[in-house]
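*Asks:* predicted model and sequence follow; I will ask about them next.
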Amino acid sequence: MRLSKRVMCNPLDLAYRYQDIHFTTPVGSGKNREPRRSVHREGADPSIVLYRDRFYMFASMSAGFWHSEDLLRWEYHATSKLPVLDYAPDVREVDGALCISASRKQDNCPFFRSVAPLSDDFSEVTPGTFPFWDPNLFQDDDGAVYLYWGCDDKTPLYGVRLSDTFRQVGEPVPLIASDTTAHGWEQVGEDHVAEPPPAGPEVPPAPYIEGAWMTRHQGTYYLQYSAPGTQFNTYADGYYTASAPLGPFEYSPDSPFSSKPGGFITGAGHGSTFQDRHGNWWHAATMRIAVNERFERRIALFPAGFDDDGVLFCNQNFADYPFAVPDGPFDPWTPPPWMLLSYRAVATASSSASGHQPASAVDEDVRTWWTAAHRRSGEHLTVDLGADKTVHAVQINLADHRLGATAPPAPDGADPGHSGHSWRGIYPGRQPTEIVVEMSRDGMEWTVVHDSVGTGTDAPHAFVVLEAPLRVRFVRVTGGRMPFDGFFAVSGVRVFGEGDSDAPRPVRARASRADGRTARIEWDAAARATGYNVRYGRHPEKLYHSWLVHDRTELDLRSLNAGADYWVAVDAFGEAGITPGHVEPVSGQPTSQ
C-alpha cells in the first residue's frame with residue numbers, strides 16, 4: 001500500500017463527543033449573574049487493547065468506544081450499557097474477555113465484561129466492592145489479576161490483587177507517590193512553573209499522581225503513571241519498575257517516557273501502552289486544549305518501545321506532524337515524511353470575530369483560533385504560502401467557539417463529582433463538520449481536494465492526504481454546516497509537504513545545570529529554521545525526550561531528574577527538513593535538591 005494511504009497526524013481525528021457543562025460559580029454581578037455553561041468536545045485517558053485482531057479504545061466522556069482494524073481509521077460505537085459519566089474507563093483482556101471499569105471516588109465501582117463488544121454484549125460482572133479513580137486492570141502470565149488506581153495530589157497510587165469476582169484479595173498496597181524535589185517533570189504549572197499563590201505563604205502546589213497503566217516486558221513490571229496535571233502543557237507519563245506486580249517499585253530516571261510540552265498541541269499523559277499485531281509498541285495519551293474548560297482534551301498515538309537495556313520510550317519528535325503507520329514491523333524513530341509549510345503564513349478571511357483574527361489559524365497553537373464573524377455557511381479562510389510549494393497533506397483543526405449560546409441542553413446528565421461542575425451531560429449524536437478544502441497556484445483557479453458537505457462527516461481534526469502531491473501557493477477552507485449551527489472556527493490550517501529551500505544549518509547547544517532539576521539550554525539562530533527541537537536524555541545515544549519550540553533560541557528545561565547526568569542536542573528544522581544538532585553534555589553537577 002502506498003505511503004499516502006497509511007499516514008496519520010495527531011491529534012487523532014475522532015468524532016469526539018460533545019458535552020454540556022454547568023459550573024457552580026456564576027458569572028456577572030447583581031441581577032445580571034448567570035450560570036456559567038460550556039459546550040465543547042472532550043476525549044481523554046485513552047485505554048487501547050488489541051482484542052481478537054481488532055483495536056478497541058475506551059476514553060473519558062465518550063458514551064461508547066472506538067474500534068479499528070489498522071490504527072488509522074477509527075469507528076465510533078455507542079453503548080448505553082456502560083456508565084456514561086464515569087471518568088477514565090479502563091479496558092483490558094482478562095481470561096479471554098474484555099473487562100471494563102471506570103472511576104467513582106465515593107461509590108463502589110462496577111466491573112463489566114464483553115466478548116463481542118460490537119454486539120453490545122456488555123454485562124455487569126459485579127456491582128463493585130470499593131471505590132477507586134483512574135483504574136487499570138492487569139492479568140499476569142500466571143492468570144492472577146491486579147488492579148492499580150489513584151488520582152490525587154495527596155495520596156499515592158495503590159495496587160491490589162483481585163479475585164475471580166473482582167474483589168480485593170488482601171489489603172491495597174501503596175506503591176508510588178510524587179517527589180517533586182527530585183523529579184523535575186512532576187512540578188506543576190505551564191513549563192513546570194507554578195502560578196504564584198493569591199495570598200499567604202508560598203507553598204508549592206502538589207502534582208496529581210494518576211493514570212496508572214501496567215505493562216510486563218521480559219519479566220519486568222512497568223507501572224506507568226501521569227503527572228503533574230492534565231491542564232498543563234507538561235502533562236506526561238513516567239514509570240517505575242519491579243520484579244513483582246505489587247513491587248517494591250523503583251523509579252526510572254528515564255522518566256518521563258511520554259512528554260510533549262511544545263508544538264501545535266501539547267500534553268502526553270494518562271494513556272496506555274500496547275502492541276500491534278506485528279509486535280510494534282505504541283503509546284496512546286491525552287493532549288491538552290483546556291480553553292473552554294480545563295478538561296477540554298484530545299487523544300494522540302505515538303510510536304513507542306523498549307531499548308536493549310529495558311528503557312521504555314516514546315518517539316515524540318514532531319509528534320503532531322504526519323507519521324506513517326506501517327503494515328509490518330517498523331523503526332519507531334522514523335522521522336516525519338513531510339514538513340510544515342504554513343507556519344506564520346499570511347492568512348485572510350471572509351470575516352473575523354473580534355479577538356479571533358486569521359493569523360491565529362497559522363500560529364501553531366491549538367489554543368488560539370480564527371472565528372468567522374457570522375454564523376452562516378460560506379465563510380472561508382485562505383492561507384498564502386508565499387510561493388509555490390509541493391503539498392502532500394493538510395490538517396484542518398476546528399475549534400468550539402461559544403457553543404453554549406446555540407446548543408440546546410443535553411438530554412441527560414448528572415453531577416459526576418468533579419469540583420467546579422454542578423452538572424454535566426453528553427450529547428448522544430454526531431455533529432456535522434462540513435468543510436471544503438481547495439488549492440490554487442494563482443488564487444484564481446481552484447482545485448477541490450476535500451469536500452464533506454452533505455456527507456454527515458464529524459471530523460474535528462480532518463487530515464487530508466492528497467492522492468498525488470500538488471504544486472500550490474494558496475489553500476482555502478470554506479465552512480458549511482457546523483456543530484449546533486455555530487460559528488466556523490479554525491485553530492489550525494496546517495499544510496504539510498516539501499519546501500524548495502535548503503535545510504537549516506546545524507546548531508550547537510550550550511547547556512548548563514541551573515539546579516538538580518533544571519538546565520538552561522541556549523543556541524544561535526540558524527538561517528531558514530522555523531523552529532528547533534530540543535532533544536535530551538541520560539546517554540548521548542539515547543536522547544529519548546524532546547521539546548519543540550518556535551521563534552526562540554533558549555529553553556529552561558525544568559523536567560530533569562536530580563542526580564542524573566544528561567546530554568542534549570538542538571535540531572534545527574524548516575520547510576526543507578530537519579538538521580540534527582551536535583550532542584553536548586549538560587555541564588554542572590546533577591545534585592539532588
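*Replies:* Here it is on my side, so go on.

*Asks:* low-confidence ranges in the stretch 301-450 of the chain?
*Replies:* For the stretch 301-450 of the chain, the stretches with pLDDT under 70 are 415-421.

*Asks:* so what's Arg54 up against?
*Replies:* Arg54 makes contact with 67-69, according to Cβ atoms under 8 Å, 6 or more residues apart in numbering. The way it works is simple: take the backbone N, C-alpha and C, and place the C-beta from them, glycine included.

*Asks:* Gly128 and Leu157, how far apart?
*Replies:* 19 Å (Cβ to Cβ, to the nearest Å).

*Asks:* of those two, who's got more company?
*Replies:* Leu157 (27 against 17; other Cβ atoms under 10 Å).

*Asks:* tell me the contacts of the more buried one?
*Replies:* 148-150, 174-177, 209-210, 212, 223, 225.

*Asks:* kindly recompute the last result at 6 Å.
*Replies:* Leu157 makes contact with 150, 175-176, 212, 225, according to Cβ atoms under 6 Å, 6 or more residues apart in numbering.

*Asks:* now rank the residues you listed by neighbours and give me the top one.
*Replies:* Counting by other Cβ under 10 Å, top hit in these: Tyr225 with 31 neighbours.

*Asks:* assign a three-state SS to it, would you?
*Replies:* Assigned with DSSP: H, G, I helix; E, B strand; the rest coil, Tyr225 falls in the strand class.

*Asks:* how near is it to Met444?
*Replies:* Using Cβ to Cβ, Tyr225 is found at 55 Å from Met444.

*Asks:* His67 too?
*Replies:* In terms of Cβ to Cβ, His67 sits 44 Å off from Met444.

*Asks:* looking at the two, which one has more neighbours?
*Replies:* The residue with more neighbours, out of His67 and Met444, is His67; 17 against 7, by other Cβ under 10 Å.

*Asks:* on the three-state scheme, that one is what?
*Replies:* Assignment for His67 (three-state DSSP): strand.

*Asks:* pretty sure it contacts Tyr56?
*Replies:* Yes - applying Cβ atoms under 6 Å, one finds His67 in contact with Tyr56, separated by 5.3 Å.

*Asks:* so for stretch 151-162, what gets flagged as buried?
*Replies:* 151-152, 157-162 (16 or more other Cβ atoms under 10 Å).

*Asks:* make CSV out of these and add secondary structure.
*Replies:* Output for those, formatted as CSV (three-state DSSP):
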residue, secondary structure
Cys151, strand
Asp152, strand
Leu157, strand
Tyr158, strand
Gly159, strand
Val160, strand
Arg161, strand
Leu162, strand
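
*Asks:* just give me the closest of those residues to Leu385.
*Replies:* Cys151 (44.3 Å; Cβ to Cβ).

*Asks:* give the contact list for the closest one.
*Replies:* 133-134, 210.

*Asks:* how near is it to Ser422?
*Replies:* With Cβ to Cβ as the criterion, Cys151 and Ser422 are 21 Å apart.

*Asks:* can you check Gly262 too?
*Replies:* Remark: distance between Gly262 and Ser422 (Cβ to Cβ) = 35 Å.

*Asks:* count of residues packed around Val188?
*Replies:* Using other Cβ under 10 Å: Val188 sits among 22 other residues.

*Asks:* where's it, which helix or strand?
*Replies:* Under the criterion DSSP states H and E, no helix or strand holds Val188.

*Asks:* what pLDDT is listed against it?
*Replies:* pLDDT recorded at Val188 is 97.

*Asks:* give the contact list for it.
*Replies:* 194, 205, 207, 228-229.

*Asks:* nearest to Val115 among those?
*Replies:* Using Cβ to Cβ, Gly229 comes nearest to Val115 of the contacts of Val188, at 36.7 Å.

*Asks:* which residues sit in contact with that closest one?
*Replies:* Counting by Cβ under 6 Å, 6+ apart, Gly229 touches 188, 208.

*Asks:* one more time with 10 Å, if that's ok
*Replies:* Each residue near Gly229 by Cβ atoms under 10 Å, 6 or more residues apart in numbering is listed here: 153, 186, 188-189, 205-208, 210, 235, 267, 269, 288, 290, 294.

*Asks:* closest to Gln218 among these?
*Replies:* Relative to Gln218, the closest of these is Gly269; by Cβ to Cβ it sits at 25.0 Å.

*Asks:* paired strands for the helix or strand that contains that closest one, with orientation please.
*Replies:* Gly269 is located in strand 266-275, with elements delineated by DSSP H and E. Strand 266-275 has the following strand partners under DSSP bridges: strand 281-288 (antiparallel).

*Asks:* need the next SSE after the strand it pairs with, C-terminal direction.
*Replies:* According to DSSP H and E, the helix or strand after strand 281-288 is strand 297-306.

*Asks:* most centrally placed residue in this protein?
*Replies:* Met287 (2.4 Å; Cα atoms, centre = their mean).
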